[in-house]
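S.K.: Sequence first, predicted coordinates after that:
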Amino acid sequence: MSTQAQAVIGALYGDEGKGLMVDCLAAATPGAVVVRSNGGAQAGHTVVGAAGARHVFHHVGSGSFAGAATHFSRFFVAHPMLLLDELAALGQLGVTPKISSDPRALVTTPFDVIINQALELARGTARHGSCGLGFGETIERNLRPEFALSTKDLFRPDLRARLVSIRDAWVPVRLAALGITALPAELATALADDITIGHFEADCAAYLDRVTLWPDRRLCERGTIIFEAAQGLLLDQDSGAFPHVTRSNTGLANMLAIAVEAGITELDATYATRCYTTRHGAGPLKGEVSALPGINVADPTNAPNEWQGTLRLAPLDLGVLREAIAHDLALDRGGIAVKAGLAVTCLDQADDGFAVTDNGEGMRLDPAKAASRIANLVGLPLWAEGWGPRRGDVRLHVDAVAA
């Protein structure tokens, strides 16, 4: 039983290369279990396998190509409807991940999705940047015990009655509280149709066929743990710029809580950042520009979409990066020894001499030396640098991790 664990955390607004880093760590850790420590299906972590197969991981841990198992922690929000689609897509790539879940992991219903999409549509140009998948609404509903739904509840004989109660008693109250008096026709039809509940029950049954219940406290019995965070530190519900945040803690907080339960005593945390800054969705972005001189941005995952618009860009701000990581590392660690290092990704997209900023001053960096320079200015050891989308494109600084 190992009491040491690793972690990958997005240092800014997400999309920093967390999937790539988890894949690399899983490949170097036989028998690993990737633990989803926050978020839900709105995550999008891209991994390109050795044979060139590409998958955007939403539920399943990003170490699956490397053979790692997946565990949904008590802080994860499961989305049975979308998990089945993802497993089917992975199956076509020859990947069949082993999945377990803490019984307390929350579950998204179709009604959370309906409310989420109705609210975001009603906001018009003042949207918060939601993905429209019902994540935040799932959190909100579960604050009311009579409407709560977690993974263990999917075994209840009264599941259908509980879903009917959510639809008939919770949804009207929530819509009224949000000031929504009418739904778009398509959403209204889905809400009223009993087929919606029937389909969801079938999805839940299939979900239970594929997911084994396993408590967080027994995680170390499964293998070496790799925590995989979703989103980034600047979207954390407690420290991000409200209301443009996610309804979860995106850094160490959840990992430390799980570690205490599981008996983990040491944690190596890799903070990932691109060599420039991106944000997909509404909210502040310091130094935002329409294009980045010296950067050939390549991002097929974050295509423009109805809910989050177009990927936004800014030079990497080392002051913002340094502050975000320092704030996360200042959390009460509950006696757990934490070591931290930096991973800098997307260096292959930088031309000779690209710009970053620090305390309002710009500086130009040589891509070949940029990762070590950025890590030095942030005050962390450099643990990895990414020069492309595949595992073989990552240079792991093993000596730094082991120090």
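M.R.: Thanks, I have it.
S.K.: Could you use CA atoms for every contact and neighbour count after this?
M.R.: OK.
S.K.: ends of stretch 73-89, how far apart?
M.R.: 23 Å (Cα to Cα, to the nearest Å).
S.K.: So what's the gap between that stretch and the chain middle?
M.R.: On the basis of Cα atoms, centre = their mean, to the nearest Å, stretch 73-89 sits 13 Å off its chain's mean C-alpha point.
S.K.: Pull the residues that contact it.
M.R.: Applying Cα atoms under 8 Å, 6 or more residues apart in numbering, the contact partners of stretch 73-89 are 35-41, 57-60, 72, 96, 101-109, 135, 138, 151, 200, 203-204, 206-207, 216, 254, 258.
S.K.: Ok, stretch 108-121 next?
M.R.: Stretch 108-121 is contacted from outside by 77-80, 127-128, 130, 132-138, 149, 166-167, 171, 175, 178, 180, 183-184, 187, 191, 196-197, 200, 307, using Cα under 8 Å, 6+ apart.
S.K.: mind checking the SS state of the residue nearest to the spatial centre of the chain?
M.R.: The residue lying closest to the centre of the chain (Cα atoms, centre = their mean) is residue 230, at 1.7 Å. Look at residue 230: counting by DSSP: H, G, I helix; E, B strand; the rest coil, its state is coil.
S.K.: Kindly report the domain assignment for the chain.
M.R.: Listed domain ranges for the chain are 4-102+214-278+314-348+370-402, 106-208 (source: automatic domain parsing).
S.K.: Lowest average confidence across the ones you listed, which one?
M.R.: If you rank the domains of the chain by mean pLDDT, domain 106-208 sits at the bottom with a mean of 91.
S.K.: residue boundaries of the strands in the stretch 201-350 of the chain?
M.R.: Along the stretch 201-350 of the chain, the stretches classed as strands by DSSP state E, counting those that start in this stretch are 211-213, 225-228, 266-274, 276-279, 312-317, 337-345.
S.K.: Just say which of the ones you listed is most tucked in.
M.R.: Among the strands of the stretch 201-350 of the chain, strand 225-228 has the highest mean neighbour count (mean count of other Cα atoms under 10 Å), at a mean of 29.
S.K.: Which residues does that strand contact?
M.R.: Against strand 225-228 from outside (Cα under 8 Å, 6+ apart): 4-9, 18, 22, 25-26, 32-37, 61-62, 219, 255.
S.K.: That one pairs with which strands, parallel or anti?
M.R.: strand 4-10 (parallel), strand 33-36 (parallel) (DSSP bridges).
S.K.: Of all the ones you listed, which one is nearest residue 395?
M.R.: Set against residue 395 and scored by Cα to Cα, the strands paired with strand 225-228 come closest in strand 4-10, at 15.6 Å.
S.K.: which other residues reach stretch 240-256?
M.R.: Stretch 240-256 is contacted by residues 9-10, 37-39, 75, 128-129, 135-136, 139, 227, 229-238, 282-284, 328-329, 331, 333-334, 336 when judged by Cα under 8 Å, 6+ apart.
S.K.: before we move on, the earlier item: now the buried members of the contacts of stretch 108-121.
M.R.: 77-80, 127-128, 130, 132-138, 149, 166-167, 171, 175, 183, 187, 191, 197, 200, 307 (16 or more other Cα atoms under 10 Å).
S.K.: Now intersect those residues with the helices, please.
M.R.: Among the buried ones among the contacts of stretch 108-121, the ones falling in helices (DSSP state H) are 80, 135-138, 171, 175, 187, 191, 197, 200.
S.K.: now, which of the residues you listed sits nearest residue 360?
M.R.: residue 136 (34.3 Å).
S.K.: Can you report how many residues lie near the residue nearest to the closest one when sequence neighbours are not counted?
M.R.: Take residue 136 and drop its neighbours on the chain: the residue closest to it by Cα to Cα, 6 or more residues apart in numbering is residue 247, 5.6 Å away. Neighbour count of residue 247, defined by other Cα atoms under 10 Å: 19.
S.K.: What of residue 85?
M.R.: Here the number of neighbours of residue 85 (other Cα under 10 Å) works out to 11.
S.K.: Tell me if it really is in a helix.
M.R.: Yes - looking at residue 85 with three-state DSSP, it is inside a helix.
S.K.: Number the chain from 35, please
M.R.: All right, first residue 35 from here; so that's residue 119.
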